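Asks: I would like to see how this sequence folds:
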Amino acid sequence: MISRSLSLMIFAGLGVSAQAMEPLSDAELSDVQGAGLGFVLDQVLLDGSGAQIVINDITDGQGRNVPISVKNLYLGAAGSNKGANLSPVTIGSLDHPFELELAKGEELRTLRDDGQWVQTTPNNITVLSFKFPERLVAGGNPCIAGYAAAGSNCSTNASGRADLGVRFDFQVAAGRTEMLALDFHQLVMDGSYLRLWGDPGQNGNGELVGEARINIFAKTLEVMSCAQANCNTAGETAAQRGARTLYITNGYANIALGYGKSQPLRLRSSADGQFVLELQNPTTGGTTAAQRQALASDFYANAPRTNLVFENLTVGGTRSSPTAIPTGGYNFGRNEISGLSFNYLKVSSYDLR
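Replies: Numbering: from 1, shown residues only. Reported below is the predicted structural model:
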């Protein structure tokens, strides 16, 4: 993986106006205590066209290694033609940076889809918070260029939108490798965050809990999959490659995992070494009917919801331009899931058999 240009502009005192913010030297940073860090990815470019990362030590039920190769990772300014013509991009700004901080639960807020800021984390806990450039109540930029339905409250402007792509090769059996490639065009993730804290747990054993908001706005997303033996791109036509591709145009996802007050996302490992992510019923903490009703009322009134919207979903076909709706293939049109909440969710890993 090659990085042509990557620099971080780090500053502290996030409550100060943007006009007063300046990059700090190492000596100045050493004098800052408890203010958190804000940073901007300034003129970043990742070109992994000639690199390969191999992830080993993932085994199947018979103990055999199942390697995963990560190839063709790229990140650059929008208009890269799937990484073929990369140029640097600046993600974040001094007005709206990435932020890493320790904060009290009662100090943190989450912007709901209706434009209201709500507290989702419990009081009297210390939270490790990492968040992307924020979404705004007013005065922002279109989250997806030319698509008003995605909202106009993103802080990222047109020059901060990025192209991102990666390819995964999975060796699922001896002599058999499956490939999955993802290509985002004009990607924005404003308003995303991850918050983590410690919890005594139901059995008195401390565990890591948290909540996450994953916002993905993309002008286009292409997902291509095939068996590696059939992925000889040099010898195939655009139509053949397109037949194995899923196209999303003007798509966005607001994924809410956890409501810290009554339904934190629990992260743990099982006795056999598998990872487990679990969202318990939000009324679990109530011991009386009145308490359970109060927890349920708070959850349904204030917990952020999950939305998945694809203005156009097409399987197969080809695009005439990077942002055009594909022609050919099968067009499923508009698909939407809005206002989704999880009363219970459990995700576990398993050995491959």
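
Asks: Is A294 in a helix, a strand, or coil?
Replies: helix (DSSP: H, G, I helix; E, B strand; the rest coil).

Asks: I'd like to know how many residues surround it.
Replies: Applying other CB atoms under 10 Å, we find 14 residues neighbouring A294. C-beta coordinates here come from the backbone N, C-alpha and C atoms, glycine included.

Asks: ditto for I125
Replies: I125 has 16 nearby residues by other CB under 10 Å.

Asks: how close does it sit to E107?
Replies: Taking CB to CB, to the nearest Å as the measure, I125 falls 11 Å from E107.

Asks: just T237 next, same as before
Replies: The value you get for T237 to E107, if CB to CB is used, is 56 Å.

Asks: Stretch 259-276: end-to-end distance?
Replies: Taking CA to CA, to the nearest Å, stretch 259-276 runs 17 Å from one end to the other.

Asks: Helix, strand, or coil at V223?
Replies: strand.

Asks: Report pLDDT for it.
Replies: Looking at V223, its pLDDT stands at 95.

Asks: Then the one 5 residues further on?
Replies: Here, the pLDDT recorded for Q228 equals 61.

Asks: cool, T323 as well?
Replies: 87.

Asks: count of residues packed around the residue lying closest to it once chain neighbours are set aside?
Replies: Nearest non-adjacent residue to T323, counting by CB to CB, 6 or more residues apart in numbering: K219, 5.4 Å away. Using other CB under 10 Å, K219 has 24 neighbouring residues.

Asks: what's the answer for G92, then?
Replies: G92: 23 surrounding residues under other CB under 10 Å.

Asks: Is it correct that it is in contact with E99?
Replies: No. Taking CB atoms under 8 Å as the definition, G92 is not a contact partner of E99, at 9.4 Å.

Asks: before we move on, the earlier item: tell me the spacing between the residue nearest to T323 and G140.
Replies: 17 Å.

Asks: Ok, E278 next?
Replies: Using CB to CB, E278 is found at 34 Å from G140.

Asks: now swap in K346 and tell me
Replies: Where G140 is concerned, K346 sits at a distance of 36 Å (CB to CB).

Asks: more crowded one of those two?
Replies: Comparing K346 with G140 by neighbour count (other CB under 10 Å), the higher total belongs to G140, at 18 against 11.
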